[in-house]
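[1] take this sequence and fold it.
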Amino acid sequence: MVVDESGFICGFDEEGNPVMPKKTARGFAKDIMDVFLPAGYPYSVTRDYTPYQVYDSLQAFSSTIAGLLSSRAVLQGFGVGDSTSSATAAVLLTVLQEATGRLATILFAHHHGRSIEPECKFYRFLADIVNDSALFLDILSPALPTYPKVMALCGAGILRALCGVSGGAAKASLSAHFAMNGNLGELNAKDGSQETVISLLGMLAGSLILQFVHGKLAVWTCMVILVGIHLWTNYKAVTSVQMRTLNKQRLNIVAEAYLADRSILTPKQVAAREGILVQTKAPTHARFACKPSDVRLTKGVDINKLRTRCYDIITKWDNKPITPVIFLAEDSTPRAMLCAWIDASYNIHLDQIYHELWTGLIKAGWDLEARALETGRAIRLVDEKTK
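    Take a look at the predicted model:
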């Protein structure tokens, strides 16, 4: 018998000749599905891949239809069908849109690039919120005077550019989470194939809808319904993902459950409690040192603590209490970062329960080697005496 990752290929008769299975309707359907799914599916991806892709396909379908409605409005905003408008003015407006959008891309990537991977579910959902906001600005633009119209279209270009950065980077992190057998490249390629088919189907349905949807009330009603479906399916998609890395929110949920009754939550249990836009926060609002102004606080760092546990926490400055600031040593490990966050947020030293906690987290399926806590500039303290 010959098998591959996805199952049976052929068998052999008594004389050793290969016997191929007969093709059935189910077999043909599987061949078609193999074009769009990673090799070895469902064993080559995580369990949450399927629900995510189902909802992601539905949101892409509704977004494509809404995009066609907004594109028609943009063309009207550019003056298509208006004898007083010129092609040069439309080109200049397009250039202005592109320029402002690209500048926004650079600024967004600079300020939020570090936090996208740890908070990929949030940024994946945020991308569609800003994209839908851009669609509404497009729909609104034909009814506006010249200068407000220019501002609305430029604002839509900026929002669409932010969607591209946020959504693209977040989807890359999610794809890395889904891939199990070193098949990240194939998974991204198959995701592109799925999006292509869904977009084509969406354009076909949207072309039919455009023939019947005219007038402000009809257009706005259709847009509200499509955007509502789009946001709901996207929310269901990101909430179905069970991340195995511990960012601040997931670590807070795990720590609170453990400190309450010594229970270790699994990624699936944490995903059910995890917020997307409104997140679970620690009681003390601790943070890692990430600002140039934090350098002055290093005067209060205990060098012995820095050497023994690779971190120290500053809670006072000039004898006044401040928000706990965590300073990490240059050689701090991901586990030291996790310890530092729990220590600063809940004032709990993990010396006595260290082995029990980490062993439980590993058994529950958590990845303790990922650095998903820091979302800003990484500041490290170097002990020159140990060099």
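
[2] number of nearby residues for the spatially closest residue to Arg371 that is not a sequence neighbour?
    The shortest distance from Arg371 to any residue other than its chain neighbours is 5.3 Å, reached at Pro334 (CB to CB, 6 or more residues apart in numbering). Any C-beta I mention is one placed from the backbone N, CA and C, and that applies to glycine too. Close neighbours of Pro334, defined as other CB atoms under 10 Å, add up to 16.

[3] contacts only, for Pro334.
    Counting by CB atoms under 8 Å, 6 or more residues apart in numbering, Pro334 touches 368-371.

[4] wait, which of those residues is closest to Asp343?
    Leu368 (16.0 Å; CB to CB).

[5] count the residues that sit near the closest one.
    15.

[6] right, and the helix or strand after the helix ranked longest in the chain?
    In the chain, with assignment by DSSP state H, the single longest helix is helix 146-178. On the C-terminal side of helix 146-178, the closest following helix or strand by DSSP states H and E is helix 184-212.

[7] other SSEs contacting that next one?
    Other helices and strands packing on helix 184-212, by 3 or more CB pairs under 8 Å, 6 or more residues apart in numbering; DSSP states H and E, are helix 25-36, helix 49-78, helix 146-178.

[8] of the ones you listed, which approaches Thr100 most closely?
    Thr100 lies closest to helix 146-178 among the helices and strands packed on helix 184-212, at 4.8 Å (CB to CB).

[9] now do the closest one: distance to the chain's middle.
    13 Å (CA atoms, centre = their mean, to the nearest Å).

[10] flag every buried residue along that helix.
    149-150, 152-167, 169-171, 173-175, 177-178 (16 or more other CB atoms under 10 Å).

[11] same deal with stretch 370-387?
    Judged by neighbour count (16+ other CB under 10 Å), stretch 370-387 contains these buried residues: 370-375, 379, 381.

[12] with stretch 185-199 instead?
    186-188, 190-191, 194-195, 198-199.

[13] what mean pLDDT does it get?
    Averaging pLDDT along stretch 185-199 yields 91.

[14] element containing Ile106, please.
    Element membership for Ile106 (DSSP H and E) is helix 87-116.

[15] which secondary structure elements does the strand ranked longest in the chain contact?
    Counting residues, the longest strand in the chain under DSSP state E turns out to be strand 320-329. Using 3+ CB pairs under 8 Å, 6+ apart, the elements in contact with strand 320-329 are strand 287-288, helix 303-309, strand 311-317, helix 334-346, strand 380-381.

[16] what are the contacting residues of the first one?
    The list of residues contacting strand 287-288 from outside it, by CB under 8 Å, 6+ apart, reads 323-326, 328, 337, 340, 373-374, 376, 378-379.

[17] give me that answer again for 6 Å
    Strand 287-288 has contacts (CB atoms under 6 Å, 6 or more residues apart in numbering) with 326, 374.

[18] name the strands paired with that strand and say parallel or antiparallel.
    Sheet pairing for strand 287-288, assigned by DSSP bridges, gives strand 320-329 (parallel).

[19] would you mind writing the CA trace of the host helix or strand of Asn234 as CSV?
    Under the criterion of DSSP H and E, Asn234 resides in helix 216-239. Taking Å, rounded to 0.1, in the frame of the first residue of the first chain, the C-alpha atoms of helix 216-239 are listed here in CSV:
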residue,chain,number,x,y,z
LYS,A,216,-28.6,56.8,-2.1
LEU,A,217,-30.9,54.9,0.2
ALA,A,218,-30.4,51.6,-1.7
VAL,A,219,-26.6,52.0,-1.8
TRP,A,220,-26.3,52.9,1.9
THR,A,221,-28.6,50.1,2.9
CYS,A,222,-26.7,47.6,0.9
MET,A,223,-23.4,48.9,2.3
VAL,A,224,-24.5,48.7,5.9
ILE,A,225,-25.6,45.1,5.4
LEU,A,226,-22.4,44.0,3.6
VAL,A,227,-20.1,45.8,6.1
GLY,A,228,-22.1,44.2,9.0
ILE,A,229,-21.6,40.8,7.5
HIS,A,230,-18.0,41.5,6.8
LEU,A,231,-17.2,42.6,10.3
TRP,A,232,-19.1,39.8,12.0
THR,A,233,-17.4,37.1,9.9
ASN,A,234,-14.0,38.6,10.4
TYR,A,235,-14.6,38.8,14.2
LYS,A,236,-15.6,35.1,14.2
ALA,A,237,-12.5,34.3,12.2
VAL,A,238,-10.0,35.9,14.6
THR,A,239,-11.8,34.6,17.7
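
[20] for the next helix or strand after that helix, packing partners?
    Next along the chain after helix 216-239, taking DSSP H and E as the criterion, comes helix 248-261. When contacts are defined as 3 or more CB pairs under 6 Å, 6 or more residues apart in numbering; DSSP states H and E, helix 248-261 sits against helix 267-273.

[21] show me what the helix it packs on is packed against.
    helix 248-261.

[22] swap in 10 Å and give it another go.
    Where contact means 3 or more CB pairs under 10 Å, 6 or more residues apart in numbering; DSSP states H and E, helix 267-273 is packed against helix 216-239, helix 248-261, helix 354-364.
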